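*Asks:* Have a look; sequence and predicted model below, questions after that.
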Amino acid sequence: MTEQEPHAPDAPRGAAEQAMLRAALRDGLILVAGLAVLGSLVGLLVAGVPGLWGGLIGAAIAAFFCGTTVWSMIYTVGKGATTMGAVVMGTWIAKMVVLVAVLLVLTRFDFYDRVVLFIVLLLGAVGAALLDYRAVKNGRVTYVEPEAGA
């Protein structure tokens, strides 16, 4: 199979990849929901209403990042490596543009606590990476396909 030939995945492989990515998406959404609740509650206790907003904004940005990463992978299951690389790189660039734009807009306001936002966003990024790692580690995806007739 060459790079130009699209990979025609068999049902079990595609199903295994989809299941692994759905688990990562589900776990990421649970993480973000927990961060939104706990981050905003702790932010409220530590910094008042600005802390509440910092926790909610941090969780929203983390949800955007987690969701777009896993969505790009789900979208490219069964497509060639070039397509997958292009979509993943394109979504990464788009996320960076959105992050810079959101942060530029937010710097004009002071209704949120920047420290709480940063901590919640950091916890979201590290937590999402660990959950994605766990989903891949526990996923039952074939990495090596045996040759036909072997």
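*Replies:* Cool, the structure landed. Numbering: from 1, shown residues only.

*Asks:* Nearest the geometric middle of this structure, what residue?
*Replies:* Cys66 (2.0 Å; Cα atoms, centre = their mean).

*Asks:* Go through the one helix or strand that one maps to and flag the buried ones.
*Replies:* Assessed by DSSP states H and E, Cys66 sits inside helix 49-75. Using 16 or more other Cβ atoms under 10 Å as the test for burial, helix 49-75 gives 50-66, 68-70, 72-73. C-betas here are computed from N, CA, C, even on glycine.

*Asks:* what do you get for stretch 25-38?
*Replies:* By 16+ other Cβ under 10 Å, the buried positions in stretch 25-38 come out as 25, 27-28, 31-32, 35-36.

*Asks:* Using a markdown table, please lay out the residues you listed together with secondary structure.
*Replies:* Shown next, in a markdown table, are the buried residues of stretch 25-38 (DSSP: H, G, I helix; E, B strand; the rest coil):
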| residue | secondary structure |
| --- | --- |
| Leu25 | helix |
| Asp27 | helix |
| Gly28 | helix |
| Leu31 | helix |
| Val32 | helix |
| Leu35 | helix |
| Ala36 | helix |
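
*Asks:* With distance to Val126 and pLDDT as extra columns, can I get those residues in a markdown table?
*Replies:* Listed next are the buried residues of stretch 25-38 as a markdown table, based on distance: Cβ to Cβ, whole Å; pLDDT from 0 to 100:
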| residue | distance to Val126 | pLDDT |
| --- | --- | --- |
| Leu25 | 18 | 90 |
| Asp27 | 14 | 93 |
| Gly28 | 12 | 92 |
| Leu31 | 10 | 95 |
| Val32 | 13 | 95 |
| Leu35 | 11 | 96 |
| Ala36 | 16 | 97 |
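
*Asks:* Any regions of this structure where pLDDT drops low?
*Replies:* 1-13, 141-146, 148-150 (pLDDT under 70).

*Asks:* Okay, helices next: where are they in it?
*Replies:* 11-47, 49-75, 81-106, 114-138 (DSSP state H).

*Asks:* Of those helices, give the one that comes closest to Glu147.
*Replies:* With Cβ to Cβ as the measure, helix 11-47 is the member of the helices of the chain nearest Glu147 (15.5 Å).
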